[in-house]
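Engineer: Next come a sequence and a model predicted from it.
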Amino acid sequence: MSRLVTLTTDFGPTGPFVAVMHGVILSRAPELRIVDLTHDILVHWPAEAGFWLSRAFRYFPAGSVHVAVVDPGVGTGRDIIAVEHAGHVFLAPDNGLLGQLLEQAADAPVYRLDPDWQARQDWPAPSHTFHGRDIFAPLAADIASGRCRPADIGPRVSEVVPSLLEPPSVSGRELKGSIVSVDHFGNLISNIDAGLLEGFREPRVQAAGHSLPLKQTYGQVRPGDCLALINSFAVVEIACAEGSAAERLGLGRGAPVSIVEGRYV
Amino acid sequence: MSRLVTLTTDFGPTGPFVAVMHGVILSRAPELRIVDLTHDILVHWPAEAGFWLSRAFRYFPAGSVHVAVVDPGVGTGRDIIAVEHAGHVFLAPDNGLLGQLLEQAADAPVYRLDPDWQARQDWPAPSHTFHGRDIFAPLAADIASGRCRPADIGPRVSEVVPSLLEPPSVSGRELKGSIVSVDHFGNLISNIDAGLLEGFREPRVQAAGHSLPLKQTYGQVRPGDCLALINSFAVVEIACAEGSAAERLGLGRGAPVSIVEGRYV
Amino acid sequence: MSRLVTLTTDFGPTGPFVAVMHGVILSRAPELRIVDLTHDILVHWPAEAGFWLSRAFRYFPAGSVHVAVVDPGVGTGRDIIAVEHAGHVFLAPDNGLLGQLLEQAADAPVYRLDPDWQARQDWPAPSHTFHGRDIFAPLAADIASGRCRPADIGPRVSEVVPSLLEPPSVSGRELKGSIVSVDHFGNLISNIDAGLLEGFREPRVQAAGHSLPLKQTYGQVRPGDCLALINSFAVVEIACAEGSAAERLGLGRGAPVSIVEGRYV
């Protein structure tokens, strides 16, 4: 076990919501390390959390437990699932959050938390509105510290709620995807994996009526000019050198983006 | 000792102010764990910090030392106090910040930092404007690492500055309280403890001209509709399903909220 | 070694960019402690990062490794340098970021990362756009854990890119500097060191047409009034008691500020 837990939520910086998750984890397993992946996910949009988890987990030690709580259905009947993949464990509500990870890892075992098993743990009775603290935190602590394994928490399931964000698709000669995150610099980050561009000779990236060439890094255009590139997480990104592509192009999360063959433009 | 320190401030994300508190603590006691409770307290409003501390501390291991620095009077004559309660230690300026904790814990011993004792410690001379780094951080490190106890730092006192936020009060058939925090989702969090609602058969929550029923979780009304509930910290909260109650109702910290008997409305 | 690493960037709270730096460091050296100095540096302005590093590093244990990534030139030909000073190690792009530190420490040895040495390490091939994760994080982990020393990474150099922010200068009877940071309270923090004021009998601080007296702490003027003071990092700061000097005076980073002799005003 790496004894490391990461936390991803849409809780923002306000209030002690993230901190009490740390407190619950460290109360149960003081030896664990906790890294905040990000708490700035777009509120109530699991797709962004699942995208980043699926792209970032490999930078943590094998054996890490990754908790993601973007959970508009908290306190309703939605399930909680655990996925094992590449030596890592992922915990999230079954609301499509882990859909992008499972697209990469179709054979990864998925377990659904059994309420009867949960009721037998020495956890406090959960509130109706904060399962991050009351269920996810003790579950992550117990898995990361070796007290239980994903296979212990409930039955293996074959059906989960798919991602609310459709995966990239091909339509004629066009590859269509979506902006899934916007970073602090205003770079527009899509869900189009670099591997999907292999069939293109001179790919051009189209968004909001602009057609952008694919470059290697931000410094390859003049300040203020926009470009596209394969970013450090191996997806297509739209950027403006020394500026914000989100502001310049008026785009944000969910916006369509497509790849076309430059020879035909 | 849990060897855990939490930090609560109104310093925000800017500059190295929080980080140098970590640095000072870890320089004195490298074995300690530090959790940032929140640094997004409304600037210069100790009431919000004290509210969250009083509601969140139980999720940390007994023996934790909780430091809260919302301190508009830094460098003037205000005192620094330490409170012991339920196996935890709380350090704050004597400006009402710990008033809500002391309302729950009337018998908790309170100690006032003695400037002569302070002068005998091996701490650097304090600046006039950053006691978080120069006094609170070394004091927290020394208590959390077992080098001293609250009773060592100065005389036990019986009078402290009361909270600037009045506790909930009853006026006729109405229970009156205040909004004390607003979370990242725009949920309006009051200082009205669930226990105060015991005498009500059909409590309704009134704020900004709206009268809201008490539900169990966010999913129990239609998207966009507002509701009230007892939240996961056992206080009355006003929320809008899949929306921001703060924006919808135009309310924020300090706004009045009241509970009435629904049968009489 | 203190086994402590600090991180300073302009990445903000969005996405997993800071977190994967933690992940890479902890994957290589699980025993290290990591403190986030700040990630709220003005985007693409190394001067603010370098200012805070030069003022804050002394509050961390000797032996700490301080990584600063404000790096608009990432992926172009700019170098990466390591500076040793006062028992601490500093890693940054050679873009002027460490200029203010080197003004304090003219004899500090500076080493330039040799691409051949880098290619011999067991690090993954770097991306074009995220050297924080791919170069700075493994380098910091290896230095902080004792696996290598700054002198190992490449040749000692005597020339580095100077800070983009000019150091304070004297013009006639006026001492001229700049606002280099603005804190969460709206306090305007200059690059004018307290030591530079020694020749003044009654220094007055001038900015945006205002002339402010030098006080000791915020409480020494009436709420809303502005003042200047030597802050807790020993530089001249302009503040408004219980208000934001940045809003009141309409000033921000880069704005000129000067000191004059009050007797002649």
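Structural biologist: Sure thing, it's come through. As the structure is a prediction and not an experimental result, all values here were calculated from the model.
Engineer: What parts of the stretch 1-150 of chain A come near chain B?
Structural biologist: A:10-17, A:19-20, A:22-24, A:26-27, A:30, A:43-44, A:72-76, A:127-130, A:133-134 (C-beta under 8 Å from any C-beta of the partner chain). All C-beta atoms are positioned from the backbone trio N, CA, C, and that covers glycine.
Engineer: Okay, and which of those residues map to helices?
Structural biologist: The subset of those located in helices under the criterion DSSP state H comprises A:17, A:19, A:20, A:22, A:23, A:24, A:26, A:27.
Engineer: quick one: which of the residues you listed is most hemmed in?
Structural biologist: In terms of neighbour count, residue A:20 stands highest of those at 28 neighbours, by other C-beta atoms under 10 Å in any protein chain shown.
Engineer: State the pLDDT value of it.
Structural biologist: Model confidence at residue A:20, expressed as pLDDT, equals 98.
Engineer: Check the one 5 residues further on too.
Structural biologist: Residue-level confidence at residue A:25 comes out at 98, pLDDT.
Engineer: Tell me how many other residues crowd it.
Structural biologist: For residue A:25, the neighbour count with other C-beta under 10 Å is 29.
Engineer: In space, what's closest to it - neighbours in sequence excluded?
Structural biologist: Computed as C-beta to C-beta, 6 or more residues apart in numbering or on different chains, the closest residue to residue A:25 that is not its neighbour in sequence is residue A:141, at 4.5 Å.
Engineer: Residue A:248 now?
Structural biologist: In space, not counting the residues next to it along the chain, residue A:248 is nearest to residue A:240; the distance is 5.0 Å by C-beta to C-beta, 6+ apart.
Engineer: Helix, strand, or coil at residue A:170?
Structural biologist: Recorded secondary structure, residue A:170: strand (DSSP: H, G, I helix; E, B strand; the rest coil).
Engineer: OK, contacts around it?
Structural biologist: If you count contacts by C-beta atoms under 8 Å, 6 or more residues apart in numbering or on different chains, residue A:170 has them with residue A:176.
Engineer: Repeat the analysis, applying 10 Å as the threshold.
Structural biologist: Contacts of residue A:170 were listed using C-beta atoms under 10 Å, 6 or more residues apart in numbering or on different chains, and they are A:176, A:196, A:199, A:258, A:259.
Engineer: What is the nearest of those residues to chain B?
Structural biologist: Of all these, chain B sits closest to residue A:176, with 27.3 Å by C-beta to the nearest C-beta.
Engineer: for the closest one, helix, strand, or coil?
Structural biologist: In the three-state summary, residue A:176 is assigned as strand, counting by three-state DSSP.
Engineer: Without its sequence neighbours, what residue ends up closest to it?
Structural biologist: Distances taken as C-beta to C-beta, 6+ apart put residue A:258 closest to residue A:176, at 4.8 Å, once the chain neighbours are dropped.
Engineer: Report the contact partners of the residue nearest to residue A:25.
Structural biologist: Contact partners of residue A:141, counting by C-beta under 10 Å, 6+ apart, are A:5, A:21, A:24-30, A:32, A:34, A:65, A:67, A:123, A:147.
Engineer: repeat that for 8 Å
Structural biologist: Residue A:141 sits next to A:5, A:24, A:25, A:28, A:29, A:32, A:147 when contact means C-beta under 8 Å, 6+ apart.
Engineer: And these, which is closest to residue B:236?
Structural biologist: residue A:24 (23.4 Å; C-beta to C-beta).
Engineer: my guess is the closest one meets residue A:138, correct?
Structural biologist: Yes: because the distance of 6.1 Å satisfies C-beta atoms under 8 Å, residue A:24 is recorded as touching residue A:138.
Engineer: roughly how far apart are residue A:70 and residue A:9?
Structural biologist: Remark: distance between residue A:70 and residue A:9 (C-beta to C-beta, to the nearest Å) = 6 Å.
Engineer: which residues are in contact with both of these two?
Structural biologist: A:41, A:49.
Engineer: Tell me the secondary structure of the residue most central in space within chain A, please.
Structural biologist: Most central in chain A under C-alpha atoms, centre = their mean is residue A:50, positioned 2.4 Å from the mean C-alpha point. Assigned with three-state DSSP, residue A:50 falls in the helix class.
Engineer: How confident was the prediction at it?
Structural biologist: Per-residue confidence (pLDDT) for residue A:50: 98.
Engineer: in a helix, that's where residue A:253 is, yeah?
Structural biologist: No: under three-state DSSP, residue A:253 falls outside any helix and is assigned coil.
Engineer: List the contacts of it.
Structural biologist: Going by C-beta under 8 Å, 6+ apart, residue A:253 touches A:42, A:45, A:48, A:179, A:180, A:181, A:182.
Engineer: Leaving out sequence neighbours, find the closest residue to the last one.
Structural biologist: Counting by C-beta to C-beta, 6+ apart, residue A:182 lies nearest to residue A:246, which is 5.0 Å off, once chain neighbours are set aside.
Engineer: Surely the one you found touches residue A:184?
Structural biologist: No: in this structure, residue A:246 sits apart from residue A:184 without contact. The criterion is C-beta under 8 Å, and the distance is 10.4 Å.
Engineer: neighbour count winner among the two?
Structural biologist: When residue A:246 and residue A:184 are compared on other C-beta under 10 Å, the one with more neighbours turns out to be residue A:246, at 21 against 18.
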